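Undergrad: sequence unavailable; structure follows:
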């Protein structure tokens, strides 16, 4: 057999994976693409995409991108610092084990339960809010920001920071203590080490992880839907409104055009992520 | 039928399944019968061989699919139970918190599709091609303007947009502009997202009319909520019985018949209907033209428009469309009618066209105003 064509036995194993991808990723994308080309009058056109330029829709895209960017950048920095603190501790110490398992769980905590957790603590009848209010501190003196972009960003950080810890620790683990020793033996200080050794090594990974966080919050829907029940502040909420409007503003084709625009944005972000990961991978094995 | 609506008690309404002991299964009327194909196109009970034949055919089908009917919305829980018990028909109630648009979206041609819908006017007008005409026995009692002439849709019940409030948390409301006061900080909410919910939109229309706008000009309402937001009084949470009970939405724009039901959770709950902006709204019944249970669908309509069905709505605080006729005939539940909030003034009801224009304006301007 050697040198000849291999029987594709080994590829049979990935058939379920590709079948899964086809049914749950490619097929829906194709449906969205097809649906987005059907104008409200039933003809095939690009009319739906023109709607994206409407000021209120453009604002939703701007909001979505802003919330995702802020929560990704803040989450990346906070998560990276936490990850660094963990990595510099004992490899099998209690700190590392507890932080890792907590981060693994919390990074997946989202949706209605997460929104509810915040409403129950920081909402207008939440116990933290009431506790502070009784002591003369009104965190909502200028309006209830919990249900705004501010609140949503705060809530997203709840899963962004731990996700950063989970995805960034492998990169930090790849940094060998010997490199630091080598820097020092060559007369370099902490600044030199971070500027010329660890920084350039970690930067692609850090940037890649930030992009991952961006995509993570950009595509989040349930948390926002449960928290912000009024006004399509974000694109996913606009899509929801277009699909369920009972006041004559329902437009499935337009909704699919928005979804396609989101897919394109995520696709760009994830492509960059993959390129950065490839670059990181050559060092961290 | 209504977004962000009432309780989340999905389980309670998932399947209302009642079996009566006296289930005389043999169709009593042997002379007239109503086959499935006849039932599918019958535009009145007479076209199906009369009420007895319709009842027999519906019993033979044994099932009815309804959608977006929260049990505490206009007394639907009791109505479903009573219908189910009376005719020994299993009522499958799906997605109780869905919107009117969700209702027609669920017309998928399968045996699970809704047989009948209860939808807002905009959705009724936009989807007539999916409905089949039917005239209930009491058709003539429904005012001409409240039905499509062939029976594609017909109004069922309605009410007026009011502002419900917990009188222990805020001072008594005497005008809509009171809500801009500092006593209402973080307290005022709508019961639906006005960009997509009929009820939410009518709340904004009401605020507009009360602030110098009109049914044709909803911009004053959007401005009003913008001011509420700037003063920190607006809570961007869709009000539900749960948020009222927990105190998150102590002041809530809502249909008066739904607002009245909060009294059982919050005993100090009161309803204010502004005399200068009485906005009425009716929902409509329609039958799916591909109803999987065509006879049961028609029987359900007959039941809803019978004196019994109309009085059940009335008990839920909604104003049934035959109320005027039943008051004349003396069949109306006088106690339930007396319990309705009094409405001093002339109600205005937005037309489908006005609703649609208001919706377009709100969709384009709402998120900038309140975020």
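TA: Thanks, I have it. The model shown is predicted, which means the values in this text are computed figures rather than measured ones. Residues are numbered from 1 along each chain as shown, chains lettered A, B, ... in the order given.
Undergrad: for the chain, which helix is longest?
TA: Just going to use chain A. Counting residues, the longest helix in chain A under DSSP state H turns out to be helix A:55-87.
Undergrad: let me rephrase: I mean chain B.
TA: For chain B, the helix with the greatest residue count under DSSP H is helix B:352-370.
Undergrad: now do the buried residues in that one.
TA: If you call a residue buried by 16 or more other C-beta atoms under 10 Å in any protein chain shown, then helix B:352-370 has these buried ones: B:354-359, B:361-367, B:369-370. The C-beta positions use only the backbone N, C-alpha and C, and glycine is treated the same way.
Undergrad: now stretch B:263-282
TA: Counting neighbours by 16+ other C-beta under 10 Å, stretch B:263-282 gives B:266, B:269-274, B:277-282 as buried.
Undergrad: for chain A, state which of the residues you listed is nearest.
TA: The shortest gap between chain A and any of those belongs to residue B:281, at 11.2 Å (C-beta to the nearest C-beta).
Undergrad: tell me the pLDDT of the closest one.
TA: With respect to pLDDT, residue B:281 has a value of 87.
Undergrad: give me the three-state assignment for it.
TA: strand (DSSP: H, G, I helix; E, B strand; the rest coil).
Undergrad: my guess is it contacts residue B:156, does it?
TA: No. When contacts are counted by C-beta atoms under 8 Å, residue B:281 is not listed as touching residue B:156 (11.6 Å).
Undergrad: and residue A:167, how many neighbours does it have?
TA: Residue A:167 has 22 neighbours, counted by other C-beta atoms under 10 Å in any protein chain shown.
Undergrad: from chain B, how far out is it?
TA: 31 Å (C-beta to the nearest C-beta, to the nearest Å).
Undergrad: am I right that that residue sits in a helix?
TA: Yes. The assignment for residue A:167 by three-state DSSP puts it in a helix.
Undergrad: quick one: contacts for the residue positioned nearest the centre of chain A?
TA: The centre of chain A sits closest to residue A:216, judged by C-alpha atoms, centre = their mean, with a distance of 1.8 Å. Taking C-beta atoms under 8 Å, 6 or more residues apart in numbering or on different chains, we find residue A:216 in contact with A:72, A:159-160, A:163.
Undergrad: and for residue A:28?
TA: Contacts of residue A:28 (C-beta under 8 Å, 6+ apart): none.
Undergrad: hmm, back to that, can you put the buried residues of stretch B:263-282 in a markdown table and add distance to residue A:177?
TA: Shown next, in a markdown table, are those (distance: C-beta to C-beta, whole Å):
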| residue | distance to residue A:177 |
| --- | --- |
| B:266 | 63 |
| B:269 | 67 |
| B:270 | 70 |
| B:271 | 71 |
| B:272 | 71 |
| B:273 | 74 |
| B:274 | 73 |
| B:277 | 73 |
| B:278 | 77 |
| B:279 | 72 |
| B:280 | 76 |
| B:281 | 71 |
| B:282 | 75 |
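Undergrad: now the residues you listed in TSV, with distance to chain A?
TA: Converted to TSV, those look like this (distance: C-beta to the nearest C-beta, whole Å):
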residue	distance to chain A
B:266	13
B:269	16
B:270	20
B:271	21
B:272	21
B:273	22
B:274	21
B:277	19
B:278	20
B:279	14
B:280	16
B:281	11
B:282	14
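Undergrad: whichever strand or helix holds residue A:100 vs helix A:55-87, what angle?
TA: Here residue A:100 sits within helix A:94-106, counting by DSSP states H and E. Here the directions of helix A:94-106 and helix A:55-87 differ by 160 degrees (axes from the mean of the first three to the mean of the last three C-alpha atoms, to 10 degrees).
Undergrad: what helices and strands are in contact with helix A:94-106?
TA: Identification of packing neighbours for helix A:94-106 by 3 or more C-beta pairs under 8 Å, 6 or more residues apart in numbering or on different chains; DSSP states H and E yields helix A:55-87, helix A:149-174.
Undergrad: next up, phi/psi of residue 119, please.
TA: I'll assume chain A. Backbone torsions for residue A:119, taken as degrees, to the nearest 10, come to phi -60, psi -40.
Undergrad: sorry, I should have been clearer: chain B.
TA: The phi and psi values for residue B:119, taken as degrees, to the nearest 10, are phi -120, psi 160.
Undergrad: who's in contact with the closest residue to it other than its chain neighbours?
TA: Nearest residue to residue B:119 in three dimensions, chain neighbours excluded: residue B:100, at 3.9 Å (C-beta to C-beta, 6 or more residues apart in numbering or on different chains). Counting by C-beta under 8 Å, 6+ apart, residue B:100 touches A:246, B:1-2, B:68, B:117, B:119-120, B:122-124, B:198.
Undergrad: one more time with 10 Å
TA: Contact analysis of residue B:100 by C-beta atoms under 10 Å, 6 or more residues apart in numbering or on different chains lists A:244-247, A:250, B:1-3, B:67-68, B:117-124, B:126-127, B:196-198, B:283-284.
Undergrad: now it: how far from residue B:200?
TA: Per C-beta to C-beta, to the nearest Å, residue B:100 is found 12 Å from residue B:200.
Undergrad: secondary structure class of residue B:169, three-state.
TA: Classification of residue B:169 using three-state DSSP returns coil.
Undergrad: the one 4 residues further on too?
TA: Assigned with three-state DSSP, residue B:173 falls in the coil class.
Undergrad: so what's it scoring on pLDDT?
TA: Per-residue pLDDT puts residue B:173 at 92.
Undergrad: same thing with residue B:6?
TA: Per the predicted model, pLDDT is 41 at residue B:6.
Undergrad: please apply the same query to residue B:284.
TA: pLDDT for residue B:284: 92.
Undergrad: who's in contact with it?
TA: Contacts for residue B:284 (C-beta under 10 Å, 6+ apart) come out as B:1, B:100, B:117-121, B:123-125, B:131, B:146-148, B:152-158, B:321.
Undergrad: change it to 6 Å
TA: Residues near residue B:284 by C-beta atoms under 6 Å, 6 or more residues apart in numbering or on different chains: B:119, B:124, B:153, B:155.
Undergrad: about what we covered before: angle of the strand or helix carrying the residue nearest to the centre of chain A against helix A:149-174?
TA: Using DSSP H and E, residue A:216 sits within helix A:199-218. Interaxial angle, helix A:199-218 versus helix A:149-174 (the same axes, to 10 degrees): 140 degrees.
Undergrad: tell me the helix or strand right after helix A:199-218.
TA: Downstream of helix A:199-218, the next assigned helix or strand under DSSP H and E is helix A:222-227.
Undergrad: tell me the mean pLDDT for that next one?
TA: Taken as a whole, helix A:222-227 has an average pLDDT of 87.
Undergrad: equivalent analysis for stretch A:72-79, please.
TA: On average, stretch A:72-79 scores 95.
Undergrad: tell me which residues of it come out buried.
TA: A:72, A:74-76, A:78-79.
Undergrad: pick out whichever of those sits closest to residue B:35.
TA: Closest to residue B:35 out of these is residue A:72 (62.9 Å), distances taken as C-beta to C-beta.
Undergrad: relative to residue A:159, how far out is the closest one?
TA: Separation of residue A:72 from residue A:159 (C-beta to C-beta) stands at 12 Å.
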